[in-house]
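Undergrad: Okay, here's the prediction I keep looking at, along with the sequence it came from:
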Amino acid sequence: MVSAGLTLIFGMMGVLNFAHASFYMLGAYFAYSLQGSIGFWGALLVAPILVGLVGVVVERFFLRRVHHHGHAHELLLTFGLSFIITELIKLVFGNYPVNYQIPDALNFAAFTIGGADYPVYRVLMGAIAIVMFIAIYLLLTRTRVGIVVRSAIYRPKMVEALGHNVPLVFMGVFGVGAALAGLAGAVAGAFYTTSPNMALELGVIVFVVVVVGGLGSLGGAMLASLLIGIITSLAISIDASLADFFALFGAREWAENIGGLMTLQVSSLSGSIPFALMLLVLLVRPNGLLGEKD
Amino acid sequence: MTTTNTLLAVNDLHAHYGKSHILHGVTFDVGQNEVVSLLGRNGSGRSTTLKAIMGIVPPTQGSILLNDRQLAKAKSYEICRSGIAYVPEEREVFANLTVDENLRMGEQAAKKGATQWTVEDMFAYFPRLKERRNVKAGSISGGEQQMLTMCRSLLGNPLVILIDEPTEGLAPKIVSAVGECIMDLQRKNVSVVLVEQKLTIALKVSSRVCVVGHGQIVFEGTPQHLMEDEKLLADWLAV
């Protein structure tokens, strides 16, 4: 769910930003360093702002210079930046997970389903993600700033000729996008592990979500993240293989003799399902599920 | 020729597209409440002149004065805010936004000495837009898009509006509505620089015409003077 919030601005900007997952990681580390002095909630508030500032600096001094060269340059630049950020984190915090934990006040079960506790913190993460989605949706569709942002992506020159300071708008959007990633990191870092690998782990899945949902589509990102979440968790719970499927036709032995893919459990494939889904979507609907046609 | 109340003065304007030199020193001015048409063949530099004034194609040399304020080095948005509006030939409506949202995009703070426009004023000009206000601008007709772009730019409360080929590809009825609108702008204290292919419209609405050829102004005068100069018409306008 948190990765859903993350994808959103990222798709809206039309900038292929590999460093976005690094902003997510920065959020977690900033929150970790700050929580000692200003508490968990304070850190949750301040860390995203700091990450947002980092984002503004990146846009103003790096991305803006390569923007007119096109997407490939932006991609390379942010790709490089993501390495730099990861290495800096390793230098400062060490190449191992840090002890960033959920505060005890939030560490209890919200309710119990079938003997499994459902942690209250998970509910909180979901709620924050949903609030983030709604806030951005309203901002983009109901306010003038939102209208300017949406049109500036398509016709920056015309928007500027109508009296809007487009570079400033882009800088702001990038900053907000980075801040949201930072918030996601600050929230999720406490639940999962905060380590120098977290950007890498997340980065790939974020790209899948954006591609499946359709580049620049808000609803698409939401739909894709839900879809991927549901399909993977369903897959984990299925304890069957293709051989079981062939058993229905009395061909189990034949299938088991072939082995390989035939005897592979569906649950062990769950990790690769998002990528299979991406492949499928790219083949059938290259613009993504809800992507706009050019 | 200098008018008594010069609003916009363009002097020795040069502009390039990459390495090709398009404008070779365009000089003209626009007075208060004046409609000035830039005429000429395709590729003579009329549209580029408008784009250079607007800062979309940055001028490489020359000056652009609006009420004695230098705009030649300014950014597009600063030029717009200082009181020049631009209606592009390609219309450039925001297809993913509704008609209403497109209009809101154009709104700018009031400027000293400029006429104030409201969305309701726009709907009075073009009632069709009111009916379509909640429709995505990408799905309205070409004529409606043209109305929309003009209205969008007017909502910036400009002193001068630059309009590029407003009647291209439009039905005759809409062409005359656009013509009426331009003449009304003049009465409402907005000056107009018009690039127009249709000579009849241009001559009807303009108080002055400039003929552009090879990136320079080769004639400047009243529509009447232009029509009397047969050699000029044949050489530069192929009439």
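TA: Structure received.

Undergrad: Which stretches in the stretch 151-294 of chain A count as helices?
TA: Here the stretch 151-294 of chain A has its helices, by DSSP state H, counting those that start in this stretch, at A:156-161, A:166-191, A:198-213, A:218-237, A:242-247, A:252-258, A:273-284.

Undergrad: Could you do chain B as well?
TA: Counting by DSSP state H, residue ranges of the helices within chain B are B:46-53, B:76-82, B:99-106, B:119-125, B:127-131, B:142-154, B:172-187, B:199-205, B:223-228, B:230-232.

Undergrad: could you say what helices and strands the last one packs with?
TA: It stands for helix B:230-232. Helices and strands touching helix B:230-232, by 3 or more CB pairs under 8 Å, 6 or more residues apart in numbering or on different chains; DSSP states H and E: there are none. (C-beta placed from N, C-alpha, C; glycine too.)

Undergrad: How far off centre is that helix?
TA: 26 Å (CA atoms, centre = their mean, to the nearest Å).

Undergrad: So which bits of it are buried?
TA: In terms of neighbour count (16 or more other CB atoms under 10 Å in any protein chain shown), helix B:230-232 has its buried residues at B:Leu232.

Undergrad: Then stretch A:61-78?
TA: Here stretch A:61-78 shows A:Phe62, A:Leu63, A:Val66, A:His67, A:Glu74, A:Leu77, A:Thr78 as buried, counting by 16+ other CB under 10 Å.

Undergrad: what does stretch B:172-180 give?
TA: If you call a residue buried by 16+ other CB under 10 Å, then stretch B:172-180 has these buried ones: B:Ile174, B:Val175, B:Ala177, B:Val178, B:Gly179.

Undergrad: what about the third one, distance to chain A?
TA: Pointing back at B:Ala177 there. With the distance defined as CB to the nearest CB, to the nearest Å, B:Ala177 ends up 23 Å from chain A.

Undergrad: What's the local residue count around A:Glu160?
TA: By other CB atoms under 10 Å in any protein chain shown, 23 other residues sit near A:Glu160.

Undergrad: same question but for A:Leu162, I mixed them up
TA: With other CB under 10 Å as criterion, A:Leu162 counts 28.

Undergrad: now the buried residues of stretch B:172-180 in JSON lines, with pLDDT?
TA: Shown next, in JSON lines, are the buried residues of stretch B:172-180 (pLDDT from 0 to 100):
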{"residue": "B:Ile174", "pLDDT": "85"}
{"residue": "B:Val175", "pLDDT": "88"}
{"residue": "B:Ala177", "pLDDT": "85"}
{"residue": "B:Val178", "pLDDT": "87"}
{"residue": "B:Gly179", "pLDDT": "89"}
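
Undergrad: right, and out of the residues you listed, which lies closest to A:Leu290?
TA: B:Ile174 (34.8 Å; CB to CB).

Undergrad: Roughly how far does the closest one sit from B:Gly142?
TA: Per CB to CB, to the nearest Å, B:Ile174 is found 9 Å from B:Gly142.

Undergrad: cool, A:Ile102 as well?
TA: 58 Å.

Undergrad: can you check A:Pro167 too?
TA: Applying CB to CB to A:Pro167 and B:Gly142 gives a distance of 31 Å.

Undergrad: which of these two has more neighbours?
TA: Of the pair A:Pro167 and B:Gly142, A:Pro167 is the one with more neighbours under other CB under 10 Å, namely 16 against 12.

Undergrad: Spit out the contact partners of that one.
TA: A:Arg64 (CB atoms under 8 Å, 6 or more residues apart in numbering or on different chains).

Undergrad: Leaving out the residues flanking it, which one is nearest to whatever residue of the stretch 101-250 of chain A ends up closest to chain B?
TA: Using CB to the nearest CB, A:Gly163 is the residue of the stretch 101-250 of chain A that sits closest to chain B, at 3.6 Å. Nearest residue to A:Gly163, sequence neighbours excluded (CB to CB, 6 or more residues apart in numbering or on different chains): B:Cys80, at 3.6 Å.

Undergrad: next one: B:Pro166
TA: B:Val178 (5.0 Å).

Undergrad: dump the residue contacts of that neighbour.
TA: B:Gln146, B:Met147, B:Met150, B:Pro166, B:Thr167, B:Leu170.

Undergrad: quick one: which of those is nearest chain A?
TA: Nearest to chain A out of the contacts of B:Val178 is B:Met150 (CB to the nearest CB; 12.5 Å).

Undergrad: Please give me every residue in contact with that closest one.
TA: Counted by CB under 8 Å, 6+ apart, B:Met150 has contacts B:Val87, B:Ile161, B:Ile163, B:Pro166, B:Val178, B:Cys181.

Undergrad: okay, now the residue in chain B positioned nearest to chain A: neighbour count?
TA: As assessed by CB to the nearest CB, chain A sits closest to B:Cys80 within chain B, at 3.6 Å. As a burial measure, B:Cys80 scores 24 neighbours (other CB under 10 Å).

Undergrad: can you pull the contacts of it?
TA: Listed by CB under 8 Å, 6+ apart, the contact set of B:Cys80 reads A:Glu160, A:Ala161, A:Leu162, A:Gly163, B:Met54, B:Tyr86, B:Gln108, B:Gly156, B:Pro158.

Undergrad: Let me see the confidence value for it.
TA: For B:Cys80, the pLDDT comes out at 94.

Undergrad: Out of the contacts of B:Met150, grab the one that's most surrounded.
TA: B:Ile163 (27 neighbours).

Undergrad: who's that residue bridged to?
TA: On the basis of DSSP bridges, B:Ile163 is bridged to B:Val87, B:Leu194.

Undergrad: Check the gap between it and B:Cys181 for me.
TA: 10 Å.

Undergrad: next one: A:Asn165
TA: Counting by CB to CB - A:Asn165 and B:Cys181 are separated by 29 Å.

Undergrad: Same question for B:Gln146.
TA: 10 Å.

Undergrad: Just to check, A:Leu139 is in contact with A:Val145?
TA: Yes. Assessed by CB atoms under 8 Å, A:Leu139 is found in contact with A:Val145 at 7.0 Å.

Undergrad: Spell out which parts of chain B neighbour chain A.
TA: Residues of chain B lying near chain A by CB under 8 Å from any CB of the partner chain: B:54-56, B:75-77, B:79-81, B:86, B:88, B:92, B:94-97, B:101, B:104-108, B:152-153, B:156.

Undergrad: Which of these are buried? Put it as a PyMOL command.
TA: A single PyMOL command selects the buried members of the residues of chain B next to chain A (16+ other CB under 10 Å):
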select buried, chain B and resi 54+55+56+76+77+79+80+81+86+88+92+94+95+96+97+101+104+105+106+107+108+152+153+156
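
Undergrad: where does the chain have low pLDDT?
TA: Using chain A. Along chain A, the parts satisfying pLDDT under 70 run over A:1-17, A:71, A:105, A:107-117, A:215-218, A:238-243, A:255, A:259-270, A:291-294.

Undergrad: I was after chain B.
TA: In chain B, residues with pLDDT under 70: B:1-4, B:239.

Undergrad: how does chain A divide into domains?
TA: A:1-196, A:197-294 (automatic domain parsing).

Undergrad: mind listing the strands in the stretch 51-200 of chain A by residue range?
TA: Remark: strands assigned in the stretch 51-200 of chain A by DSSP state E, counting those that start in this stretch are A:109-113, A:116-119.

Undergrad: My read is that B:Ala238 contacts B:Asn42, right?
TA: No. B:Ala238 is beyond contact range of B:Asn42, at 10.2 Å (criterion: CB under 8 Å).

Undergrad: how near is A:Pro97 to A:Ala190?
TA: The value you get for A:Pro97 to A:Ala190, if CB to CB is used, is 12 Å.

Undergrad: Please say which of the two ends up with more neighbours.
TA: Shown here are A:Pro97 and A:Ala190; by other CB under 10 Å, A:Ala190 has more neighbours (24 against 15).

Undergrad: which ones are touching the spatially closest residue to the more buried one that is not a sequence neighbour?
TA: Excluding the flanking residues, the one nearest A:Ala190 by CB to CB, 6+ apart is A:Ile102, at 4.7 Å. Taking CB under 8 Å, 6+ apart, we find A:Ile102 in contact with A:Tyr121, A:Ala190, A:Phe191.
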